[in-house]
Every structure is written in C-alpha cells, then in structure tokens.
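Peer 1: model this:
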Amino acid sequence: MVRHEGEITPLPMQGKDIEGVMKQILIGPQDGYEGYLRVFTLAPGGHTPYHQHPWWHANYVLAGEGIVHIDGKDYPVRAGSVAYIEGGKSHNFTNTGTGPLKFICLVP
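Peer 2: The predicted model follows:
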C-alpha cells in the first residue's frame, strides 16, 4: 500500500476541550496495521484535550511551534522536535505559534 497524505481528507476533531484540530489517519487497521499513524494539524491557538490512556504515543513535529503538556510539565516543541509520551501520562498539545502546528503521531 502506498498513498500520499494529500489523498487523505483531514477531519475536524470535535469534543470537550478540543479547539482547532484536524486529524488524518495515514495508516490504520483498515490497512492491516494494528496501530495508527496519524497527522494532526492545530490552528493557531488550537489544542488537543488534556487526557490519558494506557498506550504510548511517539510524535514528530513537522511544522510550527507549540507546547506539549505531559503530567503537568510544559515542553516547548517546534519543527524537528520528538515527543514520546508513556502510557498512563496525562498529555495534550497546544499551538502557541502564528501558523499551523503539524505533527505525526504513532500509537500502537
């Protein structure tokens, strides 16, 4: 299977404490992969919900700048940053820049 990110329609995330977040699922169970490889794009001022779950996240920032909050600590991120979030840790991403914050998120 080969596809291009541009072929995958970004879908707005909706719910409590979500603001200005678009998600693309690049690879997932529908492709025979048991996890998910996703791209998130946060508008300026946008943020994901502060939440936790038992699985880990591996994230790579493609563009923009922001903060990743992990268990009450703030870590600045920008294009080229890597963030690994262990399972069970509370976390979210916030765009603090003037352009989109775009990152890859891999989960099992």
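Peer 1: Residue 97 contacts residue 64, correct?
Peer 2: Yes: counting by CB atoms under 8 Å, residue 64 is a contact partner of residue 97 at 4.9 Å. (Each C-beta comes from the backbone N, C-alpha and C, glycine too.)
Peer 1: Can you pick out the residue with more neighbours from the two?
Peer 2: Neighbours per residue (other CB atoms under 10 Å) separate residue 97 from residue 64, with residue 64 holding more: 21 against 14.
Peer 1: now that one: how far from residue 29?
Peer 2: Distance, residue 64 to residue 29, by CB to CB, to the nearest Å: 29 Å.
Peer 1: again, but for residue 100
Peer 2: Residue 100 sits 27 Å away from residue 29, going by CB to CB.
Peer 1: More neighbours: which of these two?
Peer 2: Set side by side, residue 100 and residue 29 show more neighbours around residue 100, with 18 against 10, by other CB under 10 Å.
Peer 1: Name the residues linked to the residue nearest to the spatial centre of the chain by a beta bridge.
Peer 2: Among the residues of the chain, residue 40 comes closest to the average C-alpha position under CA atoms, centre = their mean, at 4.4 Å. On the basis of DSSP bridges, residue 40 is bridged to residue 23, residue 103.
Peer 1: Double-check it against residue 48; I have them as touching.
Peer 2: Yes: counting by CB under 8 Å, residue 48 is a contact partner of residue 40 at 7.2 Å.
Peer 1: which residues are in contact with both of those two?
Peer 2: 21, 93 (CB atoms under 8 Å, 6 or more residues apart in numbering).
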